[in-house]
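Asks: Requesting a structural model of the entry that follows:
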Amino acid sequence: MIKKYESKITEIGADVEMFVEEHMLVIFNETVPDALKSFGVIHEKAELFGQVEAGDILEINGARYNILFVGEKVNETLREIGHCTIAFNGERDAQLPGTMCVEKKELPPLAVNGDIRIVKA
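Replies: Model prediction:
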């Protein structure tokens, strides 16, 4: 496996549950303004080692998801501020350019010090 992105969760915003109910997670690295932290899964700033593509694997706290779609802004925002919206919907397209779609499965357990990883299988 080739590691493309790896970080540790440092904070889980108070409003994250609202997004979980919609089968989505919004992630940001620690540079995000405080006003946005409440709805984000905040993680350590990390380097993006390679372009994220459909066919890669997203791992959150050991739960694995096939990446089905990567919006045109995902790599840019992931590199700059560790941000993207992850939709656990099984779709192969999204209206918003910062959205990554993964297979439709139960969302991963979230915990501070948990891992977020993207790898090429």
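
Asks: Please pull up the helix or strand immediately following the helix-or-strand element of the chain with minimal mean pLDDT.
Replies: Counting by mean pLDDT, DSSP states H and E, the weakest-scoring helix or strand in the chain turns out to be helix 34-37, with a mean of 93. Using DSSP states H and E, the next helix or strand after helix 34-37 towards the C-terminus is strand 41-43.

Asks: CA atoms of the next helix or strand after that following strand as CSV?
Replies: Using DSSP H and E, the helix or strand that follows strand 41-43 in sequence is strand 57-60. C-alpha atoms of strand 57-60 as CSV (Å, rounded to 0.1, in the frame of the first residue of the first chain):
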residue,chain,number,x,y,z
ILE,A,57,-9.0,3.5,0.3
LEU,A,58,-10.1,5.8,3.1
GLU,A,59,-9.4,4.4,6.6
ILE,A,60,-10.8,6.1,9.8
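
Asks: Show me what strand 57-60 is packed against.
Replies: strand 63-70, strand 115-120 (3 or more Cβ pairs under 8 Å, 6 or more residues apart in numbering; DSSP states H and E). Glycine gets a C-beta too; all of them are placed from N, C-alpha and C.

Asks: which residues touch stretch 90-109?
Replies: Stretch 90-109 is contacted from outside by 20, 23, 25, 52, 54, 58, 60-63, 65-74, 77, 83-89, 114, using Cβ atoms under 8 Å, 6 or more residues apart in numbering.

Asks: circling back to that earlier point, how far does the least confident helix or strand of the chain sit from its chain's centre?
Replies: How far helix 34-37 lies from its chain's middle: 17 Å, per Cα atoms, centre = their mean, to the nearest Å.

Asks: which helices and strands sit right next to the longest helix belonging to the chain?
Replies: The longest helix of the chain (DSSP state H) is helix 74-81. Counting contacts by 3+ Cβ pairs under 8 Å, 6+ apart, helix 74-81 is packed against strand 84-87.
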